[in-house]
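# sequence-free structure coming up:
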């Protein structure tokens, strides 16, 4: 993530917008709330995430698309 992207997501979040980071680890995909992403050092104690850290944010995948608005695990 670039500094510009981080700054823009921070601004959107501060204005009340929903802000997320979409990412993939191996064959699984995630839509992580930006406030979690931005604070990962404080939350997880490191500047990277594992699949176990973000399992709650996993989204569904079909053969042709990643469904970033359809979480695997309902909250």
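Yep, it's here. Predicted, not measured: the structure shown is a model, and the values here were computed from it.
# now the strands: where do they sit in this structure?
With DSSP state E as the criterion, the chain has strands at 20-25, 28-33, 58-61, 66-71.
# ranking those by burial, who's on top?
Here the criterion is mean neighbour count by mean count of other Cβ atoms under 10 Å, and of these the winner is strand 28-33, at a mean of 18. Any C-beta I mention is one placed from the backbone N, CA and C, and that applies to glycine too.
# where's it relative to the chain centroid, distance-wise?
Taking Cα atoms, centre = their mean, to the nearest Å, the mean C-alpha location of strand 28-33 is offset from the chain mean by 4 Å.
# and residue 66, what does it touch?
Neighbour list for residue 66: 22, 24, 29, 59, 60 [criterion: Cβ atoms under 8 Å, 6 or more residues apart in numbering].
# Low-confidence stretches in this structure?
Across the chain, the stretches falling below the confidence threshold (pLDDT under 70) are 75.
# which helix of it spans the most residues?
Counting residues, the longest helix found in the chain (DSSP state H) is helix 3-14.
# What is the burial count for the closest residue to residue 36 other than its chain neighbours?
The shortest distance from residue 36 to any non-neighbouring residue, by Cβ to Cβ, 6 or more residues apart in numbering, is to residue 43 (6.6 Å). By other Cβ atoms under 10 Å, the residues close to residue 43 number 13.
# and residue 43, how far is that from residue 27?
As defined by Cβ to Cβ, to the nearest Å, residue 43 lies at a distance of 24 Å from residue 27.
# now swap in residue 5 and tell me
To residue 27, residue 5 is 25 Å away according to Cβ to Cβ.
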